[in-house]
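> Sequence below, structure please.
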Amino acid sequence: MSSKLQLTTLAVLVSAALPAQAALYKVVEVAPGVSGNEVYGTAIQPGATTDSKGCFVDDCAEGASYKLAGETRNRPDGFSYREEVPFAMDNSFAYIEDDYDGFEDYCFYQLGYATCEYWASDRWSSWYNETYSSNTPNSLAFIEGTAVLPTDAKNTVINSLNSSGSAIGNYSTATVRNTPINGDITGWKQGRQWATNGTYSVGSVSSRTGTGGERYYYFSKPAVWNGTTLNAVKWAYNDQQDGDYYAQGSMRDLYVDGTTFYGVGYNNYKDQHMNATIFKGTTTDLTNLNSVQINNAQVDISGDNIHSNSVATNINKNLVVVGQAKRSGGYPKNGAASNRLFIVPDASASSINASFFYGGIFFDGAGGEMGGINNYNEIVGRIDSENHREYDGKQRRQRAFIYPYGVTPKVTVPAEVTAINDRKAIFKNKAWLLDDLTNGGSESSNNNQYRIYDASDINDAGVISATAVKCSGGYDSTSHNAYCGDGNGTEKVVAVKLVPIAGSDASAIEPRSYDSTATERKGAGLGFGALTILGLFGFMRKRIK
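Numbers count the residues shown, from 1 in each chain. Predicted coordinates for the structure are as follows:
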């Protein structure tokens with residue numbers, strides 16, 4: 001699909017003029033082993049190295065010890081194959097009941113783009129295929145080039161990998177939209193799994209009420225599997241249906257300390273609000289875990305629905321919790337109804353409050369998507385790299401980031417404090433767009449073929465699963481907004497690992513520049529991928545309807 005382009009004379013001259021920098025990461029493209037126009041990295045195998053600085057000290061070469069999981073796409077999801085309800089907020093299923101008009105209404109009321117006809121058309125055609133037409137597969141999953149193809153699977157997604165490199169996720173068939181790749185859902189219509197620690201796995205289970213199409217009117221509960229035993233966790237507000245709204249809950253990650261269980265996700269609260277939640281309890285009574293709402297991220301703040309929904313996405317052994325809260329379309333800020341990223345430093349604290357990312361690359365009103373956090377409190381995801389108005393305008397371009405958060409309340413062991421501080425120092429103690437950390441040195445020519453769009457996961461060795469836009473042979477310069485083939489080259493979307501380069505430290509960082517003339521992408525291979533790519537995995541991208 002992509003033509004092989006050689007570096008232009010300009011690119012060669014620019015590269016030659018740069019100082020000899022080592023960069024921090026090598027970009028390693030991963031072949032999917034399955035067909036698809038575009039390829040996305042979704043998870044990395046857990047693992048560490050013998051040195052606490054991970055692959056920055058121990059040479060991990062191309063990261064072969066840590067498998068990457070990914071998925072392909074030929075078109076956008078109608079709505080995310082991962083979510084319990086459409087657009088992660090439509091727990092009345094009203095938007096998708098209205099077919100194309102509903103998709104356009106969602107875009108208009110909750111995103112505010114001036115391009116909603118285009119946005120809706122792409123997604124409606126995909127939903128039409130899945131619901132009313134041939135239901136041809138769109139999402140094919142893989143692990144390091146090997147297909148993950150459950151029996152009769154139509155669309156498969158991988159949310160995480162376990163320590164042995166096996167997939168945690170779900171798939172659809174011709175009759176069931178979601179069932180776990182591994183996990184019993186007896187007595188329920190649907191199920192999803194997000195994470196495991198080897199003993200316990202977490203996700204959600206759903207059942208259906210009312211009449212109509214088989215893809216509508218589901219309620220869901222957070223779920224914990226103890227081995228193969230399913231435990232459906234109670235709602236924070238026990239009201240299965242309130243008018244046209246159905247209760248929803250989901251658990252996205254977990255940490256177990258002895259018999260103390262911590263889970264994170266969202267649960268159902270009064271008025272059927274879907275609010276970011278920390279689940280706390282004991283492993284002896286998993287169905288009755290307590291739900292602790294994460295304040296500042298909830299839907300209703302002082303009587304106004306500031307957010308349409310929120311979710312805690314990850315927790316680590318230090319009990320640091322990260323997540324995101326989608327601003328309601330009725331309450332945009334700085335020109336966008338953004339998906340705001342937040343952190344909770346201690347899940348065991350008596351008062352749980354979200355602090356939203358701010359400062360540096362996280363400008364006021366920036367939106368993004370949370371990827372993950374490792375046990376060194378290094379956070380990855382994606383964030384707006386442009387700050388123009390989205391409301392009555394176009395979507396902002398996004399790029400992947402890493403944020404070394406640093407020492408938190410539960411980190412008290414001196415060696416662990418030192419290790420986290422040493423890792424943070426590699427990044428000059430601040431957050432970066434990952435493109436700035438792949439620039440320069442012996443890897444410059446290879447790395448300059450890629451601009452990193454999304455970082456979905458990070459392990460303790462520091463290896464990151466990511467998605468990049470690729471210009472084969474290299475972009476015309478090393479700048480952030482460089483052309484591919486003078487604006488006429490073909491770009492494609494690929495899955496990549498970012499592997500730390502042994503021996504690199506803060507002195508290797510050489511941030512990319514910006515060309516004075518803004519790049520207008522003209523490559524025929526972009527499609528919906530590179531220009532509106534943020535809508536594809538934008539699980540939480542949500543004017544009130």
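> So D239 belongs to a helix, correct?
No: counting by DSSP: H, G, I helix; E, B strand; the rest coil, D239 is not found in a helix; it is coil.
> Excluding chain neighbours, give the residue nearest to it in space.
Spatially, and ignoring its direct neighbours in sequence, D239 is nearest to A247 (6.0 Å; CB to CB, 6 or more residues apart in numbering). C-betas here are computed from N, CA, C, even on glycine.
> could I have stretch 419-432 exported to PDB, CA atoms only?
C-alpha atoms of stretch 419-432 as PDB (Å, rounded to 0.1, in the frame of the first residue of the first chain):
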ATOM      1  CA  ALA A 419      14.800   3.800  41.200                       C
ATOM      2  CA  ILE A 420      11.800   5.900  40.400                       C
ATOM      3  CA  ASN A 421      13.800   9.100  40.700                       C
ATOM      4  CA  ASP A 422      16.600   7.700  38.500                       C
ATOM      5  CA  ARG A 423      14.100   6.700  35.800                       C
ATOM      6  CA  LYS A 424      12.400  10.200  36.000                       C
ATOM      7  CA  ALA A 425      15.800  11.900  35.600                       C
ATOM      8  CA  ILE A 426      16.200  10.100  32.200                       C
ATOM      9  CA  PHE A 427      13.400  12.300  31.000                       C
ATOM     10  CA  LYS A 428      14.700  15.500  32.600                       C
ATOM     11  CA  ASN A 429      11.900  15.100  35.100                       C
ATOM     12  CA  LYS A 430       9.100  16.100  32.700                       C
ATOM     13  CA  ALA A 431       6.600  14.900  30.200                       C
ATOM     14  CA  TRP A 432       7.500  14.600  26.500                       C
END
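> mind listing what's buried in that stretch?
Neighbour-count burial for stretch 419-432 flags 419-420, 422-424, 426-427, 431-432 (criterion: 16 or more other CB atoms under 10 Å).
> report the longest helix in the chain, please.
helix 116-131 (DSSP state H).
> so how far is it from its chain's centroid?
21 Å (CA atoms, centre = their mean, to the nearest Å).
> Beyond that helix, next helix or strand please.
strand 141-143 (DSSP states H and E).
> what's the closest non-adjacent residue to T136?
Distances taken as CB to CB, 6+ apart place N129 nearest to T136, at 6.3 Å, with adjacent residues excluded.
> Look up how far R208 lies from that neighbour.
Distance, N129 to R208, using CB to CB, to the nearest Å: 22 Å.
> mean confidence for the longest helix of the chain?
In this model, helix 116-131 carries a mean pLDDT of 95.
> Going by neighbour count, which residues of it are buried?
Buried positions in helix 116-131, judged by neighbour count with 16+ other CB under 10 Å: 116, 119-120, 122-127, 129-131.
> Including distance to H480, could the residues you listed go into TSV?
Formatted as TSV, the buried residues of helix 116-131 follow (distance: CB to CB, whole Å):
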residue	distance to H480
C116	28
W119	25
A120	30
D122	26
R123	28
W124	33
S125	32
S126	30
W127	34
N129	36
E130	36
T131	39
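> Model confidence score at the residue nearest to D239, please.
98.
> Out of the buried residues of stretch 419-432, which sit inside strands?
Among these, DSSP state E puts W432 in strands.
> Let me know the secondary structure of the residue nearest to D436 when sequence neighbours are not counted.
Nearest non-adjacent residue to D436, counting by CB to CB, 6+ apart: P511, 4.3 Å away. For P511, the assignment made with three-state DSSP gives coil.
> Next: A482.
Per three-state DSSP, A482 ends up coil.
> what's around it, how many residues?
A total of 22 residues lie near A482 under the criterion other CB atoms under 10 Å.
> which parts of stretch 379-386 are buried?
Applying 16+ other CB under 10 Å to stretch 379-386 flags 379-385 as buried.
> What are the contacting residues of that stretch?
Applying CB atoms under 8 Å, 6 or more residues apart in numbering, the external contacts of stretch 379-386 come out as 322, 336, 338, 341, 343, 357, 361-363, 366-373, 396-405, 433-434, 453-458, 464, 480, 534.
> I'd say the residue nearest to D239 and Y266 touch.
No: if you go by CB atoms under 8 Å, A247 and Y266 don't touch, sitting 11.2 Å apart.
> can you pull up the bridge partners for D457?
Counting by DSSP bridges, D457 forms beta bridges with S465.
> Now do the contacts for it.
Contacts of D457 by CB under 8 Å, 6+ apart are 42-44, 160, 371-372, 380, 464-465.
> Neighbour-wise, give me the winner out of the residues you listed.
Within the contacts of D457, neighbour counts (other CB under 10 Å) peak at S465, which reaches 33 neighbours.
> contacting residues for that residue?
Residues in contact with S465 (CB under 8 Å, 6+ apart) are 41-44, 68-70, 455-458, 495, 497.
> if you set the cut-off to 6 Å instead, what comes out?
For S465, the contact set (CB atoms under 6 Å, 6 or more residues apart in numbering) comprises 41, 43-44, 68, 456-457.
> what's the spacing between it and A48?
16 Å.
> Also L24?
Using CB to CB, we find L24 at a distance of 18 Å from A48.
> Neighbour count for these two, which is higher?
Taking neighbours as other CB under 10 Å, L24 and A48 compare with L24 leading, 29 against 17.
> gap between the residue most central in space within the chain and S456?
Central residue of the chain (CA atoms, centre = their mean): G371, 4.2 Å from the mean position. Distance of G371 to S456, given as CB to CB: 5 Å.
> cool, and D486?
D486 sits 31 Å away from S456, going by CB to CB.
> what's the answer for A495, then?
Counting by CB to CB, the gap from A495 to S456 is 9 Å.
> swap in N374?
The value you get for N374 to S456, if CB to CB is used, is 13 Å.
> Mind checking which of these two has more residues around it?
S456 (29 against 26).
> so that one touches I44, yeah?
No: between S456 and I44 there is no contact under CB atoms under 6 Å: 7.9 Å.
> number of nearby residues for the residue nearest to D436?
For P511, using other CB under 10 Å, the count is 13.
> just T209 next, same as before
12.
> by contact count, what packs against the longest helix of the chain?
When contacts are defined as 3 or more CB pairs under 6 Å, 6 or more residues apart in numbering; DSSP states H and E, helix 116-131 packs onto helix 99-106.
> D271 belongs to a strand?
No: assigned with three-state DSSP, D271 falls outside any strand and is helix.
> Give me the local confidence score for it.
On pLDDT, D271 comes in at 97.
> Same check on R215?
Confidence score, pLDDT, at R215: 80.
> and it, what is it in contact with?
131, 177.
> if you set the cut-off to 8 Å instead, what comes out?
96, 130-131, 177.
> Sort out which one of the residues you listed lies nearest V57 for me.
R177 (45.0 Å; CB to CB).
> Can you tell me the element the closest residue to the closest one other than its chain neighbours falls in?
In space, and not counting its chain neighbours, R177 is closest to R215: 5.7 Å by CB to CB, 6+ apart. For R215, there is no host helix or strand (DSSP H and E).
> thinking again about what came up before, and the buried residues of stretch 419-432 as CSV, adding distance to T490?
Output for those, formatted as CSV (distance: CB to CB, whole Å):
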residue, distance to T490
A419, 43
I420, 42
D422, 42
R423, 38
K424, 39
I426, 35
F427, 33
A431, 32
W432, 28
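> Report whether the expected contact of H273 with A297 is present.
No: judged on CB under 8 Å, H273 makes no contact with A297 at a distance of 11.2 Å.
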